[in-house]
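A.B. asks: this one's sequence-less:
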């Protein structure tokens with residue numbers, strides 16, 4: 001893939017005298033700029049790099065942001081936009097015992113990214129993506145211990161569900177007024193929580 005070749009070239013030309021974190025920041029910055037220019041292939045690379053650092057740093061987002069640079073954390077909105085842009089028909093997903101090599105124009109993605117791509121497509125009503133996702137999710141429990149990146153898919157799935165629910169919520173009717181007994185109990189709850197804080 002063009003992205004991997006370019007990233008390898010950038011790594012080779014990096015100043016070896018710089019500290020490791022500085023080289024990582026510089027490399028990520030080049031990929032980030034290419035992604036901002038509209039190349040979602042570099043977005044996939046930034047996504048993977050951000051997830052790798054998050055795992056290596058024990059989920060400390062502040063440390064990840066310090067290394068990547070301010071404003072460059074590859075958050076949910078970026079991940080969703082990239083997952084929507086990936087052409088599903090070009091995603092290579094090897095099966096058990098599959099000895100074939102992916103075709104040259106295929107996207108070879110980490111498993112958790114493939115799941116995110118199918119999840120976004122399934123949410124738009126794509127029946128094939130939905131069926132493929134359901135099959136993959138059946139194997140998820142067995143793979144969770146072996147693949148620490150799967151938690152990133154689960155976080156993505158939760159955030160996608162929340163944003164979908166938030167979009168539906170304004171259309172729902174307003175709830176009825178709570179009964180008098182519940183209304184009377186609320187001020188007492190507030191006082192209790194205030195006492196605990198103090």
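C.D. replies: Sure thing, it's come through. Just so it is clear, the structure is predicted and the values come from calculations on it, not from any experiment.
A.B. asks: can we go C-alpha only for contacts and neighbour counts from here?
C.D. replies: OK.
A.B. asks: any idea whether residue 22 is helix, strand or coil?
C.D. replies: helix (DSSP: H, G, I helix; E, B strand; the rest coil).
A.B. asks: got the contact list for it?
C.D. replies: residue 67 (Cα atoms under 8 Å, 6 or more residues apart in numbering).
A.B. asks: the helices in this structure, which residues?
C.D. replies: With DSSP state H as the criterion, the chain has helices at 2-13, 20-36, 40-56, 61-68, 76-85, 111-123, 127-138, 140-144, 150-168, 180-197.
A.B. asks: The fourth one vs helix 20-36, what angle?
C.D. replies: Pointing back at helix 61-68 there. Taking axes from the mean of the first three to the mean of the last three Cα atoms, to 10 degrees, one finds helix 61-68 and helix 20-36 inclined to each other by 80 degrees.
A.B. asks: Could I get the contacting residues of residue 121?
C.D. replies: Going by Cα under 8 Å, 6+ apart, the list of residues near residue 121 reads 84, 129-130.
A.B. asks: Now render the residues you listed as a markdown table, adding pLDDT, distance to residue 114 and neighbour count.
C.D. replies: As requested, the contacts of residue 121 are arranged in a markdown table below (pLDDT from 0 to 100; distance: Cα to Cα, whole Å; neighbours: other Cα atoms under 10 Å):
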| residue | pLDDT | distance to residue 114 | neighbour count |
| --- | --- | --- | --- |
| 84 | 94 | 11 | 18 |
| 129 | 91 | 11 | 20 |
| 130 | 92 | 12 | 18 |
